[in-house]
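1. pasted the sequence and its predicted model underneath.
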Amino acid sequence: MDTMQVRASERLDAVKLQAFLANHFPELPKGKLEITQFSAGHSNLTYCLKIADFEVVLRRPPLGPVAKKAHDMKREFTILSALHPFFKAVPQPYVYVEDSDIIGSDFFLMERKRGVVLDTHFPTGTVPSEELACQLSEMMVDSLVALHAIPYQDTSLKDMVKPDGFMERQVHGWIERYERAKTAEIAEVATLTEWLKKHVPNNKEATIIHYDYKLNNAMFSNDYAEMIGLFDWEMTTVGDPLADVGVAMSYWMQADDPKMLLHALGEPPVTIMPGFYTRQQFIERYAEKSGRDVSNIQYYCTFAYFKLAVICQQIYYRYVKGQTQDDRFAQMDKMVAALIQQASESI
C-alpha cells in the first residue's frame, strides 16, 4: 500500500510523536521519525510512522467536526483487539492513546502490513488474467464467509453491540443522517426512503460484520495466493450478515454498470475487468459457502447504495461547510446522485 507526502492541512507533530514512540517502544532504533500518509480512504486519516526499519501505522479521526458516534478510535482499536486472534488479516493493534496533546486528537497505533492493494489498476509487473481475477473474487467471497463465521459471543464485541432490531435501526438511522447532511434536494430520495422503511427484512441472525468490505480495503500477498490484510474496521459491528454482503456489492462494480456510477470519482475499479465475478456470481458463491438464504438480497443491495450515498453526502457536506479542504471531495455530490439513482433503479 503506497504512501505519499502528508497533506499540508493534515500534518502531525513529529517531535511529540517521536517522544511518545520512544517511551512506548523500548527497542525503538535511533534516527529521525519519517511520517507519510496513506492516500486511500475518505474518512479516518491513516499515516505510516517510520524510524530506520521500525514501522507502525497511526489512525486518527478526520479534522473538523464529525458526526456523533462516528470516527471512534477507541471503539475501532477494541474491535481490532477482539478480532485479531480469530482472523489473521486483521492488523495487530498496539496501543490506543486518548491524550489529544500529542497530535490534537486521540489515535491508535497498529501493525504495518506489506502486500498488494488493488483499486483501479494492477501494479506494474502484474499481468492480469481472467484466472487471477476469478481467484481474487473467490478470496473476497471466502474471506467474508470466514469473517461471518467467527463466534462473536467469544469476543469482547458481545458487550459492545445490540444485534436485536439491527436493520430497523440502520434504515431509520441512515435516513436521519441523510436529512442532517443534505445540501440539495434529489427527487428520488423520498420514494426510495419510504420503500426502505416499509420493507425492512426480519432476519434474526447476527454475526460480526465488517460493513465497509471492499477490494481496496483488502491486501493480498505479492503472489496473490492469500488475503493478508483487511483494513478500515471503524464500521464493524454485530448484525445481519446479509447487510454486509449488500455493502460489499455496492462497492463491487461491473462493466455494464451505468457510466455515471463507474466514473463518478474517476477511474472504475479493476472489478470491471474480464474474469472478476459479477455481483450475481459473488452472491451465489456466498450463498453456497455460507449456507445462507439470499433470496431477499436485493433489499440489502438497495439499502447499501443508499447508505453509501449518505456517507458520500456527509463527506460532501463537510467540504461545502469548509470543515475539510481536501479537493478530492469537491465532486462528491455527483457520486451521491449516481448512488441514489442506482438505489432507486434497484428497487
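-> Nice, thanks for sending it over.

2. drop to CA atoms for contacts and neighbour counts, all remaining ones
-> OK.

3. what ranges does this structure have for its helices?
-> 14-24, 73-83, 130-148, 166-181, 189-198, 241-251, 259-263, 279-290, 297-320, 332-346 (DSSP state H).

4. quick check: mean pLDDT of the fifth one?
-> This points to helix 189-198. Averaged across helix 189-198, the pLDDT comes to 98.

5. that helix to helix 297-320, inter-axis angle?
-> Taking axes from the mean of the first three to the mean of the last three CA atoms, to 10 degrees, helix 189-198 and helix 297-320 form an angle of 130 degrees between their directions.

6. got it, and the third one?
-> Counting by the same axes, to 10 degrees, helix 130-148 lies at 90 degrees to helix 297-320.

7. any idea which residue sits dead centre in the chain?
-> By CA atoms, centre = their mean, the mean C-alpha position of the chain lies nearest to D212, the distance being 3.5 Å.

8. still on that earlier bit, would you turn the helices of the chain into a markdown table with distance to V6 and mean neighbour count?
-> As requested, those are arranged in a markdown table below (distance: least, CA to CA, whole Å; neighbours: other CA atoms under 10 Å):
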| stretch | distance to V6 | mean neighbour count |
| --- | --- | --- |
| helix 14-24 | 12 | 14 |
| helix 73-83 | 20 | 20 |
| helix 130-148 | 30 | 18 |
| helix 166-181 | 28 | 16 |
| helix 189-198 | 37 | 15 |
| helix 241-251 | 27 | 24 |
| helix 259-263 | 26 | 16 |
| helix 279-290 | 36 | 16 |
| helix 297-320 | 19 | 23 |
| helix 332-346 | 22 | 21 |
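
9. which stretch in those has the least confidence?
-> Least confident of the helices of the chain, judged by mean pLDDT, is helix 259-263 with a mean of 89.

10. chain center to that one, what's the gap?
-> On the basis of CA atoms, centre = their mean, to the nearest Å, helix 259-263 sits 20 Å off its chain's mean C-alpha point.

11. with stretch 142-156 instead?
-> When C-alpha coordinates are averaged (CA atoms, centre = their mean), stretch 142-156 and its chain have centres 17 Å apart.

12. quote the end-to-end distance of that stretch.
-> The first and last residues of stretch 142-156 sit 24 Å apart, counting by CA to CA, to the nearest Å.

13. check stretch 154-168 too.
-> Where stretch 154-168 begins and where it ends lie 25 Å apart, using CA to CA.

14. likewise stretch 49-61?
-> With CA to CA as the measure, the ends of stretch 49-61 fall 16 Å from one another.

15. stretch 147-156 now?
-> In terms of CA to CA, the two terminal residues of stretch 147-156 are separated by 15 Å.

16. hang on, the earlier thing: nearest to M273, out of the helices of the chain?
-> Between M273 and these, the shortest gap by CA to CA is with helix 130-148, which sits at 7.7 Å.

17. output the contacting helices and strands for the closest one.
-> Using 3 or more CA pairs under 8 Å, 6 or more residues apart in numbering; DSSP states H and E as the contact test, the elements touching helix 130-148 are strand 207-209, helix 279-290.

18. which other helices and strands contact the last one?
-> By that I understand helix 279-290. helix 130-148.

19. show me the contact partners of the helix it packs on.
-> Residues outside helix 130-148 that contact it (CA atoms under 8 Å, 6 or more residues apart in numbering) are 87, 207-209, 215, 224, 226-227, 241, 271, 273-277, 282, 285-286, 289-290.

20. wait, doesn't D2 sit right on F38?
-> Yes - applying CA atoms under 8 Å as the test, D2 and F38 come out as touching, 6.5 Å apart.

21. the helices and strands packed on helix 130-148: which one's closest to A184?
-> Set against A184 and scored by CA to CA, these come closest in helix 279-290, at 30.6 Å.

22. report the angle between that closest one and helix 297-320.
-> Compare the direction of helix 279-290 with that of helix 297-320 by the same axes, to 10 degrees and you get 120 degrees.

23. just the C-alphas of helix 279-290, formatted as PDB.
-> These are the backbone C-alpha positions of helix 279-290, laid out as PDB (Å, rounded to 0.1, in the frame of the first residue of the first chain):
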ATOM      1  CA  ARG A 279     -22.400  -9.300  -8.300                       C
ATOM      2  CA  GLN A 280     -24.700 -12.200  -9.000                       C
ATOM      3  CA  GLN A 281     -21.700 -14.600  -9.100                       C
ATOM      4  CA  PHE A 282     -20.400 -13.100  -5.800                       C
ATOM      5  CA  ILE A 283     -23.800 -13.500  -4.100                       C
ATOM      6  CA  GLU A 284     -24.200 -17.100  -5.400                       C
ATOM      7  CA  ARG A 285     -20.800 -18.200  -4.100                       C
ATOM      8  CA  TYR A 286     -21.500 -16.500  -0.800                       C
ATOM      9  CA  ALA A 287     -24.800 -18.400  -0.500                       C
ATOM     10  CA  GLU A 288     -23.100 -21.700  -1.400                       C
ATOM     11  CA  LYS A 289     -20.200 -21.300   1.000                       C
ATOM     12  CA  SER A 290     -22.200 -19.800   3.900                       C
END
